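A.B. asks: The following block contains a protein sequence and its predicted model.
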Amino acid sequence: MADDLLRRALYEPTEPPLRALPLRVTDLLVALPTPPRLAAHLRAVHDVAAGLLAWLDRDYPTLTVDHDPVLFGAATHDIGKVEHPAELSGPGAAHESAGHQLLLRHGIAENLARFALTHAQWDRDDAGTEELLVSLADKVWKGKRVDDLEQRVVQRLAAAGGQQPWEAFLHLDDALTRIAEDADARLAFQAGYPVAATGGNDRE
């Protein structure tokens, strides 16, 4: 039953539609003792990240963004909660370093594994655009707005688009407002799956 729930969380059609996770990620989640709710959460955040990238391609084509790391990072940012499932329903940061190490153990390159560690560290001075976008997707998927994080993104947008910061903010605000309109549906999708883990096949 638990494995069936995990597969439903990964593949079940939704309304509004949620994109499928990268195959490499779904294979890993199926191999691990992944709570179905975690899979649903990762799918929701990944979908929002993909939507942000599509918007940037259209409205800020001169902004340099490496899509694959953003999508992989959004799809795995909380994977450490496999080892710290209490953090699915309560506070805690142990999953961050745990997820980073888990991904490295499974052969994931550092440039992709880093998001498990950095998705909560967007306020670092050296945070890259890709890291900011993963952090932004991890907030706005549920309609949460974080001014300081958004201002960091605005700075990148204004520089790339030759805009004043206030102009870039209006564009970003409009995009995030549209994304937040589906927040309740994404939250309901996630809440429809249990925190209990699957059996998994990982033995590390």
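C.D. replies: Nice, thanks for sending it over.
A.B. asks: Tell me where the model's unsure across this protein.
C.D. replies: 1-2, 198-204 (pLDDT under 70).
A.B. asks: Name the helix or strand for the one residue sitting closest to the centre of the chain, please.
C.D. replies: By C-alpha atoms, centre = their mean, the mean C-alpha position of the chain lies nearest to residue 74, the distance being 2.8 Å. Per DSSP states H and E, residue 74 falls inside helix 67-76.
A.B. asks: Could you do residue 33 as well?
C.D. replies: Residue 33 belongs to no helix or strand, assigned by DSSP H and E.
A.B. asks: gap between it and residue 6?
C.D. replies: As judged by C-beta to C-beta, to the nearest Å, residue 33 and residue 6 stand 9 Å apart. To be clear about C-beta, it is placed using only N, CA and C from the backbone, and glycine gets the same treatment.
A.B. asks: ok, these two, which is more surrounded?
C.D. replies: residue 6 (28 against 17; other C-beta atoms under 10 Å).
A.B. asks: contacting residues for the more buried one?
C.D. replies: Residue 6 is in contact with 29, 30, 34, 36, 39, 198, counting by C-beta atoms under 8 Å, 6 or more residues apart in numbering.
A.B. asks: how close does it get to residue 73?
C.D. replies: Residue 6 sits 21 Å away from residue 73, going by C-beta to C-beta.
A.B. asks: What residues of the helix holding residue 74 count as buried?
C.D. replies: Under the neighbour-count criterion of 16 or more other C-beta atoms under 10 Å, helix 67-76 has 69, 70, 71, 72, 73, 74, 75, 76 buried.
A.B. asks: Dump those into a markdown table; add distance to residue 141 as well.
C.D. replies: Converted to a markdown table, these look like this (distance: C-beta to C-beta, whole Å):
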| residue | distance to residue 141 |
| --- | --- |
| 69 | 18 |
| 70 | 14 |
| 71 | 14 |
| 72 | 16 |
| 73 | 14 |
| 74 | 9 |
| 75 | 12 |
| 76 | 15 |
